[in-house]
Every structure is written in structure tokens, then in C-alpha cells.
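In: Provided below for reference: sequence and predicted model.
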Amino acid sequence: IHNVAGNALSAVGGRLWIGNSELTNAGNHCLKVRGGDVQVVHSTLANFYPWAYRGAALSLSNEWCPLTRADFRSSIVTGYSSNELMLMRDKVDTLAFNFRFSHCLLNIPADSIGADTLPDGRYYRVRIDSVEHEVSRITNFPFIDTDIFYYDFSLDSLSQAVGAGNP
């Protein structure tokens with residue numbers, strides 16, 4: 001799903017399995033999940049939407065119903081901003097809010113994964129955006145030409161994503 005003015009895909013309290021897919025360039029979020037059960041495997045969520053305001057590549061929330069599972073494996077979450085992962089919890093913090101990233105490339109600030117979040121297994125063998133791991137850089141996708149609005153999300157052979165997934 002590519003080049004949409006709103007959310008590329010959104011679900012409220014649903015059960016989703018997304019595999020070998022590309023959700024890219026959304027005017028709002030590439031994937032917006034409000035509760036439910038979602039699994040994303042070997043997929044790319046990349047928000048390089050060029051035409052107006054845009055949301056994050058991924059938005060997870062338990063505001064309306066429990067987020068019983070959000071499991072991301074061997075996937076890429078990236079875009080132009082310094083943080084492409086939006087996490088929103090319900091105000092009273094009584095509903096389930098379970099998410100996990102395994103063998104993923106995440107465009108999130110390094111300080112957002114602190115010592116208090118690692119032991120619970122939410123992030124396992126992930127690479128986050130840094131000088132060494134340029135997860136968010138559009139240079140990971142050499143076949144994108146923003147001058148003519150051509151977006152091919154095939155990876156460069158030197159991309160940090162090559163070999164990062166769990167086969």
C-alpha cells in the first residue's frame with residue numbers, strides 16, 4: 001500500500017497478520033493500530049511522504065481497547081523524522097499494551113530504549129538509528145528519486161537491513 005493521503009492501513013481491535021508487505025508514504029501513519037492483535041513479519045513501513053504533513057510510520061495504541069499483541073519480526077520501520085514509532089497508552093493504564101520488536105531496524109532515538117525497557121523483551125536484537133546504523137536514511141533505498149517522486153523501496157546491497165532479519 002503506497003502513496004495515500006490518510007493512513008495506509010488502520011485497525012481498531014482487529015486481528016492482523018501482515019507479511020512480506022510494504023506500507024509506505026502515507027499522509028498520516030503507514031500502520032495505525034488501536035488495540036487488538038497484530039503480527040508484522042518481513043515487511044517495510046517507511047514514511048517518506050513528500051506532499052504535506054505526515055504521521056509516523058507506525059502508531060500503536062491501547063486507547064480504545066487492549067493491545068494484546070503487536071509483534072514485529074524482521075521488519076523495517078523508518079521515515080524522515082527522528083522517531084517513526086508512536087506509542088500511545090490509555091490514560092488510566094489499565095488495558096493491555098503488549099508490543100515486541102525482534103530483528104528489526106527501527107528509526108527511533110537511541111535514548112528511547114533504556115535499561116528499563118530491555119529486560120521485558122520489547123526490543124530484541126534491533127538496530128536503531130545512529131551514525132553507524134543509518135536506519136532512517138533514504139540512502140538505504142537507492143532506487144528512490146524524490147525529484148520525480150519515484151519510490152522503489154528495494155534495498156541497497158550495503159543497507160543495514162541486509163542480514164539483520166531472522167530467517
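Out: That came through, no problem. It should be emphasised that the depicted structure is a prediction, and the values quoted were computed from it without experimental measurement.
In: To what extent is residue 137 buried, counted in neighbours?
Out: As a burial measure, residue 137 scores 15 neighbours (other Cβ atoms under 10 Å). No exception for glycine: its C-beta is placed from N, CA and C like everyone else's.
In: quick one: low-confidence ranges for this protein?
Out: Scanning the chain with the threshold set as pLDDT under 70 gives 112-121, 129-136.
In: switch to 50 and redo it
Out: Counting by pLDDT under 50, the chain contains low-confidence residues at 114-119.
In: which residue is nearest the middle of it?
Out: In the chain, the centroid-proximal residue (Cα atoms, centre = their mean) is residue 77; its distance is 3.0 Å.
In: what's that one in contact with, if anything?
Out: Contact analysis of residue 77 by Cβ atoms under 8 Å, 6 or more residues apart in numbering lists 45, 46, 57, 58, 84, 85, 104, 105, 106, 107, 108.
In: again, but for residue 49
Out: Residue 49 sits next to 3, 25, 26, 27 when contact means Cβ under 8 Å, 6+ apart.
In: Try it again at 6 Å.
Out: Residues in contact with residue 49 (Cβ atoms under 6 Å, 6 or more residues apart in numbering) are 25, 26, 27.
In: Give me the subset of these lying in strands.
Out: 25, 26 (DSSP state E).
In: which of the contacts of residue 49 lies closest to residue 10?
Out: Checking those against residue 10 by Cβ to Cβ gives residue 26 as the nearest, at 9.7 Å.
In: Excluding chain neighbours, what is closest to that closest one?
Out: Closest residue to residue 26 in three dimensions, ignoring its sequence neighbours and counting by Cβ to Cβ, 6 or more residues apart in numbering: residue 8, at 4.2 Å.
In: now do residue 122
Out: residue 100 (5.5 Å).
In: Verify the assumption that that neighbour is located in a helix.
Out: No - the assignment for residue 100 is strand, going by DSSP: H, G, I helix; E, B strand; the rest coil, so no helix is present there.
In: From residue 62, how far out is residue 157?
Out: According to Cβ to Cβ, to the nearest Å, residue 157 stands 39 Å off from residue 62.
In: okay, these two: which has more neighbours?
Out: Each of residue 157 and residue 62 has its neighbours counted (other Cβ under 10 Å); residue 62 has more, 24 against 6.
In: Kindly export stretch 17-37 (C-alpha atoms) in PDB.
Out: Only the C-alpha atoms of stretch 17-37 are listed here, as PDB (Å, rounded to 0.1, in the frame of the first residue of the first chain):
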ATOM      1  CA  TRP A  17      -1.200 -10.700  10.000                       C
ATOM      2  CA  ILE A  18       1.000  -8.700   7.600                       C
ATOM      3  CA  GLY A  19       3.800 -10.500   5.900                       C
ATOM      4  CA  ASN A  20       6.200  -9.600   3.100                       C
ATOM      5  CA  SER A  21       4.500  -6.300   2.600                       C
ATOM      6  CA  GLU A  22       5.200  -2.700   2.100                       C
ATOM      7  CA  LEU A  23       3.200   0.100   3.700                       C
ATOM      8  CA  THR A  24       4.800   3.300   2.500                       C
ATOM      9  CA  ASN A  25       4.300   7.000   2.100                       C
ATOM     10  CA  ALA A  26       1.200   7.900   4.000                       C
ATOM     11  CA  GLY A  27      -0.200  11.400   4.700                       C
ATOM     12  CA  ASN A  28      -0.900  10.100   8.200                       C
ATOM     13  CA  HIS A  29       0.500   6.800   9.500                       C
ATOM     14  CA  CYS A  30       1.700   3.900   7.400                       C
ATOM     15  CA  LEU A  31       0.200   1.500  10.000                       C
ATOM     16  CA  LYS A  32      -2.100   2.600  12.800                       C
ATOM     17  CA  VAL A  33      -3.200   0.000  15.300                       C
ATOM     18  CA  ARG A  34      -5.600   0.800  18.200                       C
ATOM     19  CA  GLY A  35      -5.800  -2.400  20.200                       C
ATOM     20  CA  GLY A  36      -6.100  -5.900  19.100                       C
ATOM     21  CA  ASP A  37      -3.600  -8.500  17.900                       C
END
